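1. Take a look and give me a structure for this.
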Amino acid sequence: MRNIIIIAGKEIKEGLRNRWVLATTLLLAALSLSLTFLGSAPTGNVGAGALDVVVVSLSSLTIFLLPLIALLISHDAVVGEMERGTMILLLSYPVGRYQVLLGKFCGHVLILAFATVIGYGAAAVALAVTGASVLAASWYAFASMLGTSILLGAVFVAIGYLISSLVRDRGTAAGLSVGIWLLMVLVFDMGLLGVLVIDQGRIISAPVLEALLFLNPTDLYRLTNLTGFNVSQFAGMAGLAGTASVGVGALLLGLMVWIAAPLGLATVFFARREL
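-> Have a look, this model is predicted:
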């Protein structure tokens, strides 16, 4: 455990030195503040709470932005150090390969968690300063959005580690990361929508559709935040929230599986890889 903590601290220091932490935090804060002040303007007319609108807006933003950031900081975690020759030096110390991988993973997830909490937290602070009226349920939805955003980031960090453990050069890792991002964020849902339009409910029933959504972590995140915490009526997903049979616990478990499976495979492939 001590070795994992030391390696995680090393990753955090490198993130600070490369300004990854600062850049990510400022980006998330700027976007969250923009969505807060621009998106909460019409709340008085539509009857939505200011923080509810922020939760919906930030959830939609997170689906596109956080997976990309996670893949950018993790796609060369293994192959990059092997190309630079630092991985051989690191493994010359009394540390196991799984400890190296877990330590790096924890460091990158902590970087993402810090940037997410501070960046998105700026939106909540801004609302508090302006004196906007916020219900307790809205604060719960906001806190849940922060937690699941960190989980979604951890999913794509794990996927980045799997890619980095499989490929032989950083260019290939970067290309695969962009392809995975496009597939999970854009192509999967567009393809599923096309299949649903063609099928017209003949084969793909509601339970089958819910099962298919578990194949994409971004859909699990979307369902958790836009149907699970009393903001579905503001997200245009009230109908889905009313008919969904999958609970929030199952959705969170699905995200945890999406973290464990790629990270476990990355550990296996890295353990068998020649330096």
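
2. so who does the closest residue to A113 other than its chain neighbours touch?
-> Nearest non-adjacent residue to A113, counting by C-beta to C-beta, 6 or more residues apart in numbering: I150, 4.7 Å away. In short, each C-beta sits where N, CA and C put it, glycine included. Taking C-beta atoms under 8 Å, 6 or more residues apart in numbering, we find I150 in contact with 109, 112-113, 116-117.

3. burial of F188, as a residue count?
-> 17 (other C-beta atoms under 10 Å).

4. I'd like the average pLDDT over stretch 65-73.
-> Taken as a whole, stretch 65-73 carries a mean pLDDT of 92.

5. Tell me the buried residues in it?
-> For stretch 65-73, burial by neighbour count (16 or more other C-beta atoms under 10 Å) applies to 65-67, 69-73.

6. Likewise for stretch 10-21?
-> Buried, per 16+ other C-beta under 10 Å, within stretch 10-21: 11-12, 15, 20-21.

7. Tell me which helix or strand the residue nearest to A113 sits in.
-> helix 136-166 (DSSP states H and E).

8. A271 now?
-> A271 belongs to helix 248-272, assigned by DSSP H and E.

9. name the helices or strands packed onto that helix?
-> Other elements packing on helix 248-272 under the criterion 3 or more C-beta pairs under 8 Å, 6 or more residues apart in numbering; DSSP states H and E are helix 97-130, helix 136-166, helix 217-227.

10. what does it contact?
-> Residues outside helix 248-272 that contact it (C-beta under 8 Å, 6+ apart): 78, 97-98, 100-102, 105, 148, 151-152, 154-155, 158-159, 161-162, 164-166, 214, 217, 220-221, 223-224, 228-229.
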